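Novice: return a 3D structure for these sequence lines:
(one chain, ligands or ions: 1)
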Amino acid sequence: MTVTSPADLTIHEAVMLLDEGTLSSVALTEAVLERILTSDNDVRAYLTLMPEAALEQAAQADTLRNALRTSGASLPLLGIPLALKDNLSTRGVPTSCGSRILEDYVPPFDATVVQRLKRAGAVLLGKTNLDEFAMGSSTENSAFFPTHNPWHMDCVPGGSSGGSAAAVAAGEALAALGSDTGGSVRQPAAFCGLVGLRPTYGRCSRYGLVAFASSLDQVGPIARDVNDAALLLSVIAGHDAQDSTSLPDAPLDMATALCGHDLRGLRVGVLVDHEGVGVQPAVKRAVLAAVDTLADLGAEMVDVQLPHSEFALAVYYLIAPAEASANLARFDGLRYGYRAAADTLEELYNRTRGEGFGAEVKRRLMLGTYALRAGYYEATYIKAQQARTLIRQDFEAAFAHVDVIVGPTSPVTAFRLGERLADPLQMYLADIFTLPQALAGLPALSLPCGFDEEGLPVGLQLTAPALEETRLLHVAHAYEQATAWHTRRPNLTCSN
Ligand code: GLN
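Specialist: Numbers count the residues shown, from 1 in each chain. As a prediction, the model looks like this:
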């Protein structure tokens, strides 16, 4: 589709026009707000919108750009309208995590990644919908409403960062931040035809990201192309003394990431072993075609196996709920958010948590509490940690022979709203290919590589060794240059 509104520009295109002076940040922000007005009644990507604040930030950005012009200085995201997943703390702005229990919670501080966006000059449009506490794969577990996929309004946008992905796909933000515990940036990016990047564990600060499973949670960008994802990553990455698991600053070479169109000398491991998973034929076709494209670009293709990845689902659903059961203990009706009326302390806890949490969160808390129970702990949680090590070692063994690994992001394209709600296991299976990297702490990226018969996007997943985001982006960028999937935009047919 040809770009008809500034709302459909990539960040780097918008920056060019802003620098030239042919577009102002106010005009850009107005165009995006206009799109939200026409589309979001149907898409329902946002939980909270801040139109006045956004326009004010945009006006300030325009003033600052003029002031900086003479000095030649610039800020990487100056005047660019972005959206934030609603589990990222924002000072003075509600942060609900898609949960009743935090419905009225307004944090007194900004998450570090939010601070970094602000420092880079971004305009913040609002907070996007998610599965409650990021537990889910479809955004249907939001306590408030489901979000729709802009490519097909009867389908889910993926999850749990479905609001962020839907907003970017619909032109309701130029890009957004999500969080990825087991796939929540990559899978919705795949379902919505976008680029989603999960950074190496520790690359980006988790300070102010409301914790789900602390050993897995990472913040990551959802964008319209690789260039934009790289730009956002470069802004949000970096050591933060407020997060003890944040790594020392590691190189991120944007020039190398975004240079060149050929992949000669690169060895790409292809994940062929999908037995028993049931990969949709259109997904398989698109991924195999992408493998051919990478080979055409000069990469040497090698088959790889990750034999312990078949345990990833079981391992993840012990470790993530176990950590969640500890992290979510803080929501007790006393310190944050919702408080039920009660006569005794125990009743207060029971009622607050009983009324405040939704069914999926309760399911996870019970699973997690069970996994950590005295007498069961060794057989469940410890066993899962041991299997997690084996999963990580599989990657190490594979990366002794290959530079990156390629495969599908999700076995299926976006499914219908409601289709998997009754069967949690079917829902969990949507993340079967994104869990191993999360458990291993590795960076991985999803980018568009085709469409199915219904016009729903297919995502290609690339995985690199820890801290090799530059390589990951380089391969993704080369693939993107050779294809046009990322230039397609959904045909929004909205009711008003
Ligand atoms: N879908 C997975 C889950 O439900 C992953 C979620 C996430 O990455 N936040 O836990």
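Novice: need the next SSE after the helix or strand residue 283 falls within, C-terminal direction.
Specialist: Assigned by DSSP states H and E, residue 283 belongs to helix 281-296. Once the chain leaves helix 281-296, the next helix or strand it forms, by DSSP H and E, is strand 300-304.
Novice: and that following strand, what other elements does it pack with?
Specialist: The elements that strand 300-304 packs onto, with contact taken as 3 or more CB pairs under 8 Å, 6 or more residues apart in numbering; DSSP states H and E, are strand 267-271, helix 281-296. Yep, even glycine has a C-beta here, placed from its N, CA and C like the rest.
Novice: partner strands of that strand, parallel or antiparallel?
Specialist: According to DSSP bridges, strand 300-304 forms sheet pairs with strand 267-271 (parallel).
Novice: so which bits of the strand it pairs with are buried?
Specialist: 268-271 (16 or more other CB atoms under 10 Å).
Novice: just flag the most distant two among the residues you listed.
Specialist: Farthest pair in the buried residues of strand 267-271 (CB to CB) is 268 and 271. Separation: 10.4 Å.
Novice: shared neighbours, these two?
Specialist: 405-406 (CB atoms under 8 Å, 6 or more residues apart in numbering).
Novice: report pLDDT for the closest residue to the ligand within the stretch 251-400 of the chain.
Specialist: Nearest residue of the stretch 251-400 of the chain to the ligand (CB to the nearest ligand atom) works out as residue 320 at 5.6 Å. In this model, residue 320 is scored at 98, pLDDT.
Novice: go on, residue 305?
Specialist: At residue 305, pLDDT is 93.
Novice: and what of residue 46?
Specialist: Per-residue pLDDT puts residue 46 at 99.
Novice: go on, residue 496?
Specialist: 45.
Novice: hang on, the earlier thing: not counting its neighbours along the chain, what's nearest the residue of the stretch 251-400 of the chain closest to the ligand?
Specialist: In space, and not counting its chain neighbours, residue 320 is closest to residue 213: 4.0 Å by CB to CB, 6 or more residues apart in numbering.
Novice: again, but for residue 49
Specialist: Nearest residue to residue 49 in three dimensions, chain neighbours excluded: residue 126, at 4.1 Å (CB to CB, 6+ apart).
Novice: how far away from the center of its chain is the helix or strand containing the one you found?
Specialist: Using DSSP H and E, the element containing residue 126 is strand 123-128. Relative to its chain's centre, strand 123-128 lies at 15 Å (CA atoms, centre = their mean, to the nearest Å).
Novice: now stretch 156-173
Specialist: 9 Å.
Novice: re earlier: which of the buried residues of strand 267-271 sits closest to residue 144?
Specialist: For the buried residues of strand 267-271, the closest approach to residue 144 (CB to CB) belongs to residue 271, at 36.4 Å.
Novice: which ones are touching that closest one?
Specialist: Contacts of residue 271 (CB under 8 Å, 6+ apart): 304-306, 405-407, 433.
Novice: wasn't residue 220 part of a strand?
Specialist: Yes. The assignment for residue 220 is a strand, going by DSSP: H, G, I helix; E, B strand; the rest coil.
Novice: isn't residue 253 right up against residue 470?
Specialist: Yes. When contacts are counted by CB atoms under 8 Å, residue 253 is listed as touching residue 470 (4.7 Å).
Novice: just to revisit the earlier point, how about JSON lines for the helices and strands packed on strand 300-304, with mean pLDDT added?
Specialist: Converted to JSON lines, those look like this (pLDDT from 0 to 100):
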{"stretch": "strand 267-271", "mean pLDDT": "96"}
{"stretch": "helix 281-296", "mean pLDDT": "97"}
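Novice: now distance to the ligand too, for those, in TSV please.
Specialist: Converted to TSV, those look like this (distance: least, CB to the nearest ligand atom, whole Å):
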stretch	distance to the ligand
strand 267-271	19
helix 281-296	18
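Novice: how about low-confidence regions in this protein?
Specialist: Applying pLDDT under 70 to the chain flags the ranges 1-3, 272-276, 493-496.
Novice: need the nearest residue in space to whichever residue of the stretch 301-450 of the chain sits closest to the ligand, chain neighbours excluded.
Specialist: Closest to the ligand within the stretch 301-450 of the chain is residue 431: 4.5 Å, counting by CB to the nearest ligand atom. Nearest residue to residue 431, sequence neighbours excluded (CB to CB, 6+ apart): residue 183, at 4.0 Å.
Novice: rewinding a little: tally up the residues packed near the residue of the stretch 251-400 of the chain closest to the ligand, please.
Specialist: For residue 320, the neighbour count with other CB atoms under 10 Å is 28.
Novice: would you agree it falls within a strand?
Specialist: No. Assessed by three-state DSSP, residue 320 does not belong to a strand; its assignment is helix.
Novice: correct me, but residue 309 touches residue 436?
Specialist: Yes. With contact defined as CB under 8 Å, residue 309 and residue 436 form a contacting pair (4.4 Å).
Novice: for residue 71, find the nearest of the helices and strands packed on strand 300-304.
Specialist: Across the helices and strands packed on strand 300-304, closest to residue 71 is helix 281-296 (CB to CB), at 42.5 Å.
Novice: from the contacts of residue 271, which are also near the ligand?
Specialist: With the criterion set as CB under 6 Å from any ligand atom, no member of the contacts of residue 271 is near the ligand.
Novice: in ChimeraX, select just the buried ones from those residues.
Specialist: Only the buried entries of the contacts of residue 271 go into this ChimeraX selection, using 16+ other CB under 10 Å:
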select :304,306,405,406,407,433
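Novice: narrow the contacts of residue 271 to those in helices?
Specialist: Using DSSP state H, no member of those falls within helices.
Novice: who in the stretch 201-350 of the chain is up against the ligand?
Specialist: So far as CB under 6 Å from any ligand atom goes, the stretch 201-350 of the chain lies against the ligand at 212, 320.
Novice: can you give me the strands for the protein?
Specialist: Secondary structure of the chain (DSSP state E): strands at 46-49, 81-85, 123-128, 175-180, 195-198, 218-223, 267-271, 300-304, 404-408, 444-451, 457-463.
Novice: of those strands, which stretch is the most buried?
Specialist: Comparing these by mean neighbour count (mean count of other CB atoms under 10 Å), strand 195-198 ranks first with a mean of 33.
Novice: that one close to the ligand?
Specialist: No. Using CB under 6 Å from any ligand atom, strand 195-198 never reaches the ligand; the gap is at least 8.6 Å.
Novice: just name whatever secondary elements that strand is in contact with.
Specialist: By 3+ CB pairs under 8 Å, 6+ apart, strand 195-198 packs against strand 175-180, helix 186-191, strand 218-223, helix 226-236, strand 444-451, helix 469-482.
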